[in-house]
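J.: Below is the structure, and that's it, no one-letter string:
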């Protein structure tokens, strides 16, 4: 949007429509011990509550709508997120942030440690997000993934832009 942003907190970034999916999803992306539906609804509690009271049906509906889009494999939305595979945990983290209706999503190593099927699903979903007008920034150490998924590649070194390559193709 052509504006400079200097967020002072994660909440400032979220309010500005910028969300981050961390590389360490099990440590930073999900809350082990909580069910899927609560993990997805956590950053959207304003949407799923009324007069300060959580509405369980709203939390379930929100979680269902995003986990279905990502083809989550789980027995129920009440399942502890800690029992899921790495690929399904990644889908939960992505669903959680998409539920906030962001403008920009930053994905740090989005396919690290997940199986080939989940990797393809994440790539496909990233392409859908871009087609819908969402800006997607992907951080990856896998060159084939970068070249296959990116319109533009920015190489950073010691916090500075070292090179920019257009990869439209």
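T.: Alright, I've got the coordinates. These figures come from a predicted structure and were not determined experimentally.

J.: quick one: average pLDDT of the longest helix seen in the chain?
T.: The helix that spans the most residues within the chain, counting by DSSP state H, is helix 116-131. Regarding helix 116-131, the rounded mean pLDDT is 86.

J.: do stretch 42-49 as well
T.: 87.

J.: which other residues reach it?
T.: 14, 19, 31, 34, 41, 54-55, 58-59, 62, 96-97, 99-100 (Cβ atoms under 8 Å, 6 or more residues apart in numbering). Any C-beta I mention is one placed from the backbone N, CA and C, and that applies to glycine too.

J.: before we move on, what about stretch 140-155?
T.: Residues outside stretch 140-155 that contact it (Cβ under 8 Å, 6+ apart) are 109-111, 123, 126-127, 138, 161-168.

J.: ok, which pair from the contacts of stretch 42-49 is furthest apart?
T.: The distance between the two most remote of the contacts of stretch 42-49 (Cβ to Cβ) is 22.8 Å, for 19 and 55.

J.: hmm, back to that, can you point out the buried residues in the longest helix of the chain?
T.: Within helix 116-131, the residues scored as buried using 16 or more other Cβ atoms under 10 Å are 118-119, 121-123, 125-126, 129.

J.: returning to that earlier point: compare residue 19 and residue 55 (neighbour count), which wins?
T.: The neighbour comparison of residue 19 against residue 55 (other Cβ atoms under 10 Å) goes to residue 19, with 23 against 15.

J.: Am I right that the more buried one is in a strand?
T.: Yes: per DSSP: H, G, I helix; E, B strand; the rest coil, residue 19 lies within a strand segment.

J.: just checking, it touches residue 11?
T.: No: the criterion here is Cβ atoms under 8 Å, and residue 19 misses it with residue 11 at 11.3 Å.

J.: before we move on, back to that, by neighbour count, sort out the buried ones in the contacts of stretch 140-155.
T.: Buried residues within those, counting neighbours by 16+ other Cβ under 10 Å: 109-111, 123, 126, 138.

J.: Adding distance to residue 84, write the residues you listed out as CSV.
T.: CSV is the format used below for the buried ones among the contacts of stretch 140-155 (distance: Cβ to Cβ, whole Å):
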residue, distance to residue 84
109, 18
110, 16
111, 16
123, 19
126, 20
138, 22
